[in-house]
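Participant: coordinates only, sequence not included:
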């Protein structure tokens with residue numbers, strides 16, 4: 001267990017087809033962090049509607065994958081709804 005957790009965000013757009021090796025190599029080069037440290041490394045695609053998080057667990061690599069398109073649409077809908085109420 002880590003005493004403190006540091007999150008690293010990769011600022012370069014990443015292809016979502018990358019897996020363990022590709023993401024860990026990208027983490028070493030773009031964020032200059034050690035992918036074996038156990039700290040979460042966050043990667044986004046060009047449209048920023050999909051996210052992969054890479055971290056090393058006791059048992060090996062873990063990559064949760066999230067599709068944020070539905071969340072983005074909900075936020076836009078709520079914003080439009082609040083603007084209608086204010087008008």
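Facilitator: Here it is on my side, so go on. Keep in mind it's a predicted model, so treat the numbers as computed, not measured. Residues are numbered from 1 along each chain as shown.
Participant: now do the helices in the chain.
Facilitator: Secondary structure of the chain by DSSP state H: the helices cover 20-26, 69-86.
Participant: what's the burial count for residue 23?
Facilitator: Close neighbours of residue 23, defined as other C-beta atoms under 10 Å, add up to 21. Where C-beta positions appear, they are placed from N, C-alpha and C, glycine not excepted.
Participant: right, I mislabeled it, should have said residue 14
Facilitator: As a burial measure, residue 14 scores 20 neighbours (other C-beta under 10 Å).
Participant: quick one, what contacts the nearest residue to it once chain neighbours are set aside?
Facilitator: Take residue 14 and drop its neighbours on the chain: the residue closest to it by C-beta to C-beta, 6 or more residues apart in numbering is residue 43, 4.1 Å away. Neighbouring residues of residue 43 by C-beta atoms under 8 Å, 6 or more residues apart in numbering: 10, 14, 18, 23, 26, 51, 52, 53, 54.
Participant: low pLDDT regions in this protein?
Facilitator: For the chain, the stretches with pLDDT under 70 are 1-3, 70-87.
Participant: repeat that with 50
Facilitator: Applying pLDDT under 50 to the chain flags the ranges 73, 75-77, 80.
Participant: got the residue ranges for the strands in it?
Facilitator: Ranges of strands in the chain, per DSSP state E, are 8-9, 41-44, 50-57, 60-62, 65-67.
Participant: buried residues in the longest one?
Facilitator: Read that as strand 50-57. Across strand 50-57, burial judged by 16 or more other C-beta atoms under 10 Å covers 50, 51, 52, 54, 55, 56.
Participant: so what's the second one up against?
Facilitator: Contact partners of residue 51, counting by C-beta under 8 Å, 6+ apart, are 42, 43, 44, 65, 66, 68.
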